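*Asks:* coordinates only, sequence not included:
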């Protein structure tokens with residue numbers, strides 16, 4: 001926590017100026033955002049470290065210097081503030097003491113009798129009554145007159161100085177009238193005039209009068225603070241509201257908030273029902289005046305805009321809401337517009353296809369002109385005019401619509417006069433259609449690989465190694481590479497080294513073994529460098545298994561009587577995933593249809609799995625818990641798998657291999673229909689029905 005504590009007013013005025021000076025000193029400029037953030041940190045009571053961390057978000061590297069400058073200036077500010085506070089307090093005390101002395105001098109000069117109001121009859125302990133105060137003042141006046149007469153006689157010489165000097169008196173009843181004042185002012189033994197000069201006695205008398213007046217003022221303040229004036233005078237005036245002591249002047253009216261009264265129209269009215277008009281608030285600060293002018297200008301601009309829109313609009317006024325201001329025209333925000341991947345490739349392919357079709361159409365028309373068949377081009381462009389529903393028989397087939405004079409076969413029978421009737425576009429010439437390549441074949445010509453015999457492969461290897469050795473010898477001859485060390489083994493040690501091996505055989509053996517270990521290490525490192533990583537092995541295996549199905553996909557449909565065994569389900573799903581095949585499995589009573597899509601090699605492996613590797617009839621005769629009560633003579637169900645259909649299609653229809661349980665035939669067909677291959681189910685279901693009828 002920070003050691004500086006400031007009020008809201010100080011934060012908004014003095015502390016804010018200190019922060020601005022520190023920012024100017026540390027940064028060289030004053031940023032309102034920095035000043036506001038620093039004032040917020042001081043308001044929350046953060047110390048120098050926390051303030052520095054908070055300011056790093058705005059100032060980065062300059063935060064340390066700014067925090068240090070700020071807290072140094074705050075320390076100087078608090079010291080100056082403490083010294084100024086002490087001097088202000090001392091000055092205030094001096095002013096107060098001088099004011100007290102001035103009041104005392106004025107009271108001493110004022111000799112008019114003080115009119116003391118009588119207090120209420122109900123007395124509290126230690127409180128003076130009005131009667132007691134009057135008695136005290138009367139006795140004080142009598143004493144003053146007596147002292148004056150004594151002083152006059154002493155001046156005339158009628159009585160000696162001992163008369164004055166020996167006179168000591170007290171104010172009778174003073175101690176009983178002022179029990180709280182103490183014996184220092186009015187006590188039984190307190191002398192009013194001592195044995196002194198007449199001038200000193202006069203001054204002492206004036207002091208006693210001033211003290212009495214002061215005591216009366218204090219008593220009056222205490223009574224005014226302890227009692228409510230209104231209750232006090234109502235009690236003693238019998239509710240008439242008359243001031244019995246003359247202490248009260250006119251009772252000041254207290255401004256209390258009055259209740260708000262609204263009429264049926266929502267206007268503010270008084271008790272008599274007259275509408276009250278409130279004076280509008282007029283700001284005095286310049287900032288508020290500027291804000292008010294801005295608001296008035298904005299409202300006037302809105303009104304003008306609405307008027308202009310009303311004049312320009314051609315709509316009826318009854319559909320125009322004047323309270324709704326029209327939105328100002330905004331410039332559309334510019335943003336990046338990214339094209340989808342392959343968009344322009346598709347456009348280019350579409351243009352190329354269109355060009356090829358135009359070229360093909362021109363070739364057809366030229367061939368038709370050469371052979372004399374002018375209607376060949378038109379016949380190639382004939383298309384059905386309207387779509388017919390499934391099972392509906394059209395009035396005229398689309399291939400006959402161009403030849404017939406009308407859209408009906410009735411005119412043909414009516415105009416037929418002989419066995420042969422001539423139609424437009426039909427002649428004795430035979431039109432052979434242009435042969436086109438199927439869409440699933442690859443048009444690119446692939447070079448056939450050349451397979452060599454074993455003898456030819458060995459010969460090529462020798463030639464390749466000979467060329468490599470020649471290049472190495474040329475580099476050694478030119479000095480580009482050092483000559484290799486002789487390949488020494490324990491078997492040829494004596495033949496290669498000769499006399500050196502005889503002189504120190506132990507050393508030579510160690511040298512040979514080191515060479516052998518080095519060659520072995522080099523060989524292992526080269527093998528490890530050529531070895532594939534696990535990711536590369538997995539990619540190689542997937543690449544070897546996967547096949548390109550972009551030009552055509554091979555599909556196989558199998559039917560299994562019973563597919564409740566989870567082990568067989570797992571084998572089907574696992575093999576499909578390993579072979580990267582797609583498809584689906586439909587489970588329905590005795591007709592379980594399995595559809596798989598992939599390449600030719602994948603289909604061969606999966607076909608072997610379904611028809612040979614899996615023993616479908618293994619668990620057919622097993623009894624389940626709910627079959628114990630069944631008849632023992634019941635025939636065992638024969639479970640088998642049969643290939644319904646296999647062939648090629650243009651593309652894949654399914655995704656990852658999934659199992660689907662369908663309780664009814666309709667749901668099975670609907671599931672296949674969602675992928676536009678409902679004929680798979682029709683084939684499997686018809687085969688099952690035929691097999692059941694034959695059995």
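*Replies:* All right, it came through fine. All values reported here derive from a predicted model rather than from experimental measurement.

*Asks:* residue 5 is in contact with residue 45, correct?
*Replies:* Yes. Using Cβ atoms under 8 Å, residue 45 is in contact with residue 5, at 7.3 Å. Just so you know, the C-beta spots here come from the backbone N, C-alpha and C atoms, and that holds for glycine as well.

*Asks:* the more surrounded of those two?
*Replies:* Each of residue 45 and residue 5 has its neighbours counted (other Cβ atoms under 10 Å); residue 45 has more, 13 against 10.

*Asks:* all strands in this structure, in order from the N-terminus.
*Replies:* Assigned by DSSP state E, the chain shows strands spanning 261-262, 268-269, 553-560, 582-587, 592-598, 641-649, 658-661.

*Asks:* tell me the most buried of the ones you listed?
*Replies:* Comparing the strands of the chain by mean neighbour count (mean count of other Cβ atoms under 10 Å), strand 592-598 ranks first with a mean of 24.

*Asks:* looking at the strands of the chain, which is closest to residue 307?
*Replies:* For the strands of the chain, proximity to residue 307 was assessed by Cβ to Cβ; strand 268-269 is nearest, at 31.5 Å.

*Asks:* just the helices in the stretch 401-550 of the chain please.
*Replies:* With DSSP state H, counting those that start in this stretch applied, the stretch 401-550 of the chain shows helices at 410-414, 454-478, 493-497, 499-503, 505-530, 534-545, listed in chain order.

*Asks:* residue 80 is nearest to which of the ones you listed?
*Replies:* It's helix 534-545; of those, that one is closest to residue 80 (Cβ to Cβ) at 73.2 Å.

*Asks:* report the angle between that closest one and strand 592-598.
*Replies:* Taking axes from the mean of the first three to the mean of the last three Cα atoms, to 10 degrees, one finds helix 534-545 and strand 592-598 inclined to each other by 110 degrees.

*Asks:* now helix 534-545: buried residues?
*Replies:* Within helix 534-545, the residues scored as buried using 16 or more other Cβ atoms under 10 Å are residue 545.

*Asks:* who are the packing partners of it?
*Replies:* Judged by 3 or more Cβ pairs under 8 Å, 6 or more residues apart in numbering; DSSP states H and E, helix 534-545 is in contact with no other helix or strand.

*Asks:* still on that earlier bit, go through the helices of the stretch 401-550 of the chain and pick out the most buried.
*Replies:* helix 493-497 comes out most buried of those by mean count of other Cβ under 10 Å, with a mean of 15.

*Asks:* by contact count, what packs against that one?
*Replies:* Helix 493-497 sits against helix 505-530, with contacts defined as 3+ Cβ pairs under 8 Å, 6+ apart.

*Asks:* helices and strands around the helix it packs on, which ones?
*Replies:* helix 493-497.

*Asks:* what's next to the helix it packs on, contact-wise?
*Replies:* Residues outside helix 493-497 that contact it (Cβ atoms under 8 Å, 6 or more residues apart in numbering): 486, 488, 501, 508-509, 512.

*Asks:* a markdown table for these, including distance to residue 605 and pLDDT?
*Replies:* What follows is the contacts of helix 493-497, written out as a markdown table (distance: Cβ to Cβ, whole Å; pLDDT from 0 to 100):
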| residue | distance to residue 605 | pLDDT |
| --- | --- | --- |
| 486 | 54 | 83 |
| 488 | 52 | 85 |
| 501 | 61 | 75 |
| 508 | 59 | 86 |
| 509 | 56 | 88 |
| 512 | 53 | 89 |
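
*Asks:* residue 66 touches residue 56, doesn't it?
*Replies:* No. Taking Cβ under 8 Å as the definition, residue 66 is not a contact partner of residue 56, at 9.8 Å.

*Asks:* who's more crowded, these two?
*Replies:* Using other Cβ under 10 Å, the more surrounded residue of residue 66 and residue 56 is residue 66, with 23 against 15.

*Asks:* worst mean pLDDT among the strands of the chain?
*Replies:* Here those differ in mean pLDDT, and the lowest is strand 261-262 at a mean of 78.

*Asks:* direction included, what does that strand pair against?
*Replies:* According to DSSP bridges, strand 261-262 forms sheet pairs with strand 268-269 (antiparallel).

*Asks:* for the stretch 551-695 of the chain, give me the ranges with low pLDDT.
*Replies:* The stretch 551-695 of the chain contains residues with pLDDT under 70 at 619-636, 695.

*Asks:* mind jotting down where the helices sit in it?
*Replies:* 566-578, 600-608, 665-673, 678-694.

*Asks:* check which residues of stretch 669-683 are buried.
*Replies:* Residues of stretch 669-683 classed as buried by neighbour count (16+ other Cβ under 10 Å): 669, 671-672, 677, 680-681.

*Asks:* between the two ends of that stretch, how far is it?
*Replies:* Counting by Cα to Cα, to the nearest Å, you get 11 Å between the two ends of stretch 669-683.

*Asks:* likewise for stretch 638-658?
*Replies:* Stretch 638-658 has an end-to-end distance of 26 Å (criterion: Cα to Cα).

*Asks:* for residue 433, find the nearest of the strands of the chain.
*Replies:* Closest approach to residue 433 among these (Cβ to Cβ): strand 641-649, 22.6 Å.

*Asks:* give me the helices and strands touching the closest one, please.
*Replies:* By 3+ Cβ pairs under 8 Å, 6+ apart, strand 641-649 packs against strand 553-560, helix 600-608, helix 678-694.

*Asks:* which among those is found nearest to residue 653?
*Replies:* strand 553-560 (8.2 Å).

*Asks:* who touches the closest one?
*Replies:* With contact meaning Cβ under 8 Å, 6+ apart, strand 553-560 is reached by 591-600, 602-603, 606-607, 610, 616, 639-652, 680, 683-684, 687-688.

*Asks:* pairing partners for it, with directions?
*Replies:* Strand pairing for strand 553-560, using DSSP bridges, gives strand 592-598 (antiparallel), strand 641-649 (antiparallel).

*Asks:* with distance to residue 283 as extra columns, can I get the ones you listed in CSV?
*Replies:* Formatted as CSV, the strands paired with strand 553-560 follow (distance: least, Cβ to Cβ, whole Å):
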stretch, distance to residue 283
strand 592-598, 81
strand 641-649, 83
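
*Asks:* OK, contacts around residue 39?
*Replies:* By Cβ under 8 Å, 6+ apart, the neighbours of residue 39 are 11, 15-16, 19.

*Asks:* ok, back up a step: for residue 401, find the nearest of the helices of the stretch 401-550 of the chain.
*Replies:* helix 410-414 (12.5 Å).

*Asks:* for the record, mean pLDDT for the closest one?
*Replies:* Computed over helix 410-414, the average pLDDT equals 67.

*Asks:* same check, this time on stretch 72-86
*Replies:* Across stretch 72-86, the average pLDDT comes to 73.

*Asks:* just stretch 345-363 next, same as before
*Replies:* For stretch 345-363, mean pLDDT is 91.

*Asks:* possible to save the strands of the chain as CSV with distance to residue 543?
*Replies:* Listed next are those as CSV, based on distance: least, Cβ to Cβ, whole Å:
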stretch, distance to residue 543
strand 261-262, 87
strand 268-269, 89
strand 553-560, 18
strand 582-587, 18
strand 592-598, 15
strand 641-649, 22
strand 658-661, 25
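
*Asks:* and those strands: which comes nearest residue 399?
*Replies:* When the strands of the chain are ranked by distance to residue 399, counting by Cβ to Cβ, first place goes to strand 641-649 at 26.8 Å.

*Asks:* now do that closest one against helix 600-608, angle only.
*Replies:* Here strand 641-649 points in a direction 170 degrees away from that of helix 600-608 (the same axes, to 10 degrees).

*Asks:* ok, back up a step: show me the one of the helices of the stretch 401-550 of the chain that comes nearest residue 336.
*Replies:* Per Cβ to Cβ, nearest to residue 336 of these: helix 534-545, 34.8 Å.

*Asks:* returning to what we had before: now the helices of the stretch 401-550 of the chain in JSON lines, with distance to residue 363?
*Replies:* Listed next are the helices of the stretch 401-550 of the chain as JSON lines, based on distance: least, Cβ to Cβ, whole Å:
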{"stretch": "helix 410-414", "distance to residue 363": "33"}
{"stretch": "helix 454-478", "distance to residue 363": "47"}
{"stretch": "helix 493-497", "distance to residue 363": "79"}
{"stretch": "helix 499-503", "distance to residue 363": "87"}
{"stretch": "helix 505-530", "distance to residue 363": "55"}
{"stretch": "helix 534-545", "distance to residue 363": "41"}
